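Asks: Need a 3D model of the following:
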Amino acid sequence: MNMPANKPLKLMVAEMFGNGEPLDAKGVHELVASHYPDESYCSPQMIQELLLSLRAVGILHEEGSYVDDKGELVSVYRISEYGLDKLHKAQ
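Replies: Sure thing, here's the model as predicted:
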């Protein structure tokens, strides 16, 4: 079901980590895409850029990485304590 987005994409991406589970860009994209059905900027590449941005400011940290079936390195992220604090303050 497509639901219109009422939050900035970056905030929505950060909220996907609120339960403390690790996610990669593809997993986050699958979770948020239905909220931005007609927005071309909601792409796996943009999600990856947002994850890097959130990591750079300490909201996320890189949990690990793996090589996918295509031979590409995939990073997996988890929210930091600082990120959880910021997320709770934003809500």
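Asks: contacts, neighbours, all on C-alpha from now
Replies: Noted.
Asks: dump the residue contacts of Val13.
Replies: The contact partners of Val13, by C-alpha atoms under 8 Å, 6 or more residues apart in numbering, come to 28, 32, 47, 50-51.
Asks: how about a cut-off of 6 Å?
Replies: By C-alpha atoms under 6 Å, 6 or more residues apart in numbering, no residues touch Val13.
Asks: Renumber starting at 481 from here on
Replies: Sure, I'll start counting at 481 from here, so that last one is Val493.
Asks: That one: which element?
Replies: Per DSSP states H and E, Val493 falls inside helix 489-495.
Asks: cool, and Ser533?
Replies: Counting by DSSP H and E, the secondary-structure element that holds Ser533 is helix 524-536.
Asks: Tell me which other helices or strands that helix touches.
Replies: helix 505-512 (3 or more C-alpha pairs under 6 Å, 6 or more residues apart in numbering; DSSP states H and E).
Asks: Can you give me the buried ones in the helix it packs on?
Replies: Using 16 or more other C-alpha atoms under 10 Å as the test for burial, helix 505-512 gives 505, 508-509, 512.
Asks: mean confidence score for it?
Replies: Taken as a whole, helix 505-512 has a mean pLDDT of 97.
Asks: any idea of the angle it forms with helix 524-536?
Replies: Here helix 505-512 runs at an angle of 100 degrees relative to helix 524-536 (axes from the mean of the first three to the mean of the last three C-alpha atoms, to 10 degrees).
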